[in-house]
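Engineer: okay, here's the prediction I keep looking at, along with the sequence it came from:
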Amino acid sequence: MEFLTSWWMYALAGFVMTFVISQSIFFLVKASARARELGISQKDINKTITSSMIFSIAPSVAILLGLVTLAKSLGIIIPWIRLSVLGAVTYELPAAVNVVSGVFGLSMGDTVSSHQVIVTVLWVMTLGIIPPLIIIPLFLKKIQSGVLSIHQRDKEWGEHFMNAMFLGMISAFLGYVLAPRISPLVEGYYISITAILTLITSALIMVICGIFVNKYKQEWLKSYAIPFAMIGSMLMAIFYTYLGVR
């Protein structure tokens with residue numbers, strides 16, 4: 001598995017990162033020029049750029065945690081490319097874990113020593129992320145028009161509809177947490193109490209952040225709520241395991 005840390009993998013990652021950074025700089029320059037054409041002062045432009053840079057740090061913490069989780073099994077370069085360009089941490093982690101544990105019976109913390117595992121994980125990740133790349137450019141405008149039409153006809157029902165869609169998405173992840181699993185250390189199937197407690201902990205942290213945002217007008221927490229919830233729940237997961245919770 002030496003290829004995971006070979007020079008050409010680093011060269012590939014460097015090429016991808018150079019392209020992404022160049023693209024970002026290109027649009028930054030174009031946006032700044034357009035803002036000046038619209039009469040926006042350079043001071044306001046600089047303030048917007050600075051605040052955007054600061055608030056981009058918080059979401060990247062969650063991505064970094066996902067990279068660290070995947071790096072143990074897949075090496076650092078593949079997760080680095082996936083999470084920094086095309087993938088999303090809410091998709092990449094479950095996809096990789098399902099392949100590694102469900103197909104090959106390994107733990108995500110195990111060191112992968114088979115090309116078959118790496119190739120299968122990459123194919124699942126790649127094929128799974130393709131549909132949005134097709135749906136968004138072809139059907140996003142139509143979908144948005146449909147959602148807007150619902151809001152215009154009945155605003156209250158439109159809000160219920162969007163909430164229901166969001167809860168449906170969350171339910172997919174709940175099944176991943178609550179489903180029985182197999183472990184070589186336990187005979188038969190078992191329910192992970194640690195996973196359930198971690199989920200509850202993460203939800204409570206998000207609720208607390210929501211209270212501070214809505215009741216106490218701490219708007220800055222909107223960008224930091226997810227990293228706080230992830231880091232806090234991961235630390236508590238370690239604590240639950242230390243207490244002997246299975």
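Structural biologist: That came in fine, so what should we check first?
Engineer: from now on I want contacts and neighbour counts done on CA atoms only, so please keep to that.
Structural biologist: Fine.
Engineer: helix or strand with the lowest mean pLDDT in the chain?
Structural biologist: The weakest-scoring helix or strand in the chain, judged by mean pLDDT, DSSP states H and E, is strand 181-183 (a mean of 66).
Engineer: give me the pLDDT for residue 1.
Structural biologist: Note for residue 1: predicted pLDDT of 68.
Engineer: would residue 189 count as being in a strand?
Structural biologist: Yes. Residue 189: assigned to a strand according to DSSP: H, G, I helix; E, B strand; the rest coil.
Engineer: my guess is it meets residue 180, correct?
Structural biologist: Yes. Applying CA atoms under 8 Å as the test, residue 189 and residue 180 come out as touching, 5.8 Å apart.
Engineer: which elements pack onto the lengthiest helix in the chain?
Structural biologist: Once the chain is assigned using DSSP state H, the helix that runs over the most residues is helix 115-153. With contacts taken as 3 or more CA pairs under 8 Å, 6 or more residues apart in numbering; DSSP states H and E, helix 115-153 sits against helix 89-97, helix 155-178.
Engineer: and with 10 Å instead?
Structural biologist: For helix 115-153, the elements it packs on are helix 42-74, helix 77-81, helix 89-97, helix 155-178, judged by 3 or more CA pairs under 10 Å, 6 or more residues apart in numbering; DSSP states H and E.
Engineer: now for the first one, which elements pack on it?
Structural biologist: Translated: helix 42-74. Helix 42-74 sits against helix 7-37, helix 77-81, helix 89-97, helix 115-153, helix 221-242, with contacts defined as 3+ CA pairs under 10 Å, 6+ apart.
Engineer: excluding chain neighbours, what is closest to residue 71?
Structural biologist: Leaving aside its chain neighbours, residue 71 sits nearest to residue 79 (6.5 Å; criterion: CA to CA, 6 or more residues apart in numbering).
Engineer: count of neighbours near that neighbour?
Structural biologist: Using other CA atoms under 10 Å, residue 79 is surrounded by 25 other residues.
Engineer: in contact with it, which residues?
Structural biologist: Under the criterion of CA atoms under 10 Å, 6 or more residues apart in numbering, the contact list for residue 79 reads 63-64, 66-71, 73, 85, 87, 89, 92-93, 122.
Engineer: go again with 7 Å.
Structural biologist: With CA atoms under 7 Å, 6 or more residues apart in numbering as the criterion, the residues that contact residue 79 are 67, 70, 71.
Engineer: nearest to residue 213 among those residues?
Structural biologist: Distance to residue 213, by CA to CA, is smallest for residue 67 among the contacts of residue 79, at 28.4 Å.
Engineer: look at the closest one and report its pLDDT.
Structural biologist: 81.
Engineer: what separation do you get for it and residue 54?
Structural biologist: In this view, residue 67 and residue 54 are 20 Å apart by CA to CA, to the nearest Å.
Engineer: also residue 113?
Structural biologist: Following CA to CA, the distance that separates residue 113 from residue 54 is 39 Å.
Engineer: got it, and residue 18?
Structural biologist: Taking CA to CA, one finds residue 18 at 21 Å from residue 54.
Engineer: one more: residue 14?
Structural biologist: When CA to CA is applied, the distance between residue 14 and residue 54 equals 24 Å.
Engineer: neighbour count: those two, which is higher?
Structural biologist: Each of residue 14 and residue 54 had its neighbours counted (other CA under 10 Å), and the higher figure belongs to residue 14 (14 against 11).
Engineer: show the contacting residues for residue 233.
Structural biologist: 198, 201, 202.
Engineer: quick check: which element contains the first one?
Structural biologist: Think residue 198. The secondary structure element spanning residue 198 is helix 193-214 (assigned by DSSP states H and E).
Engineer: now the angle between helix 155-178 and that helix, please.
Structural biologist: Here helix 193-214 runs at 150 degrees with respect to helix 155-178, directions being taken by axes from the mean of the first three to the mean of the last three CA atoms, to 10 degrees.
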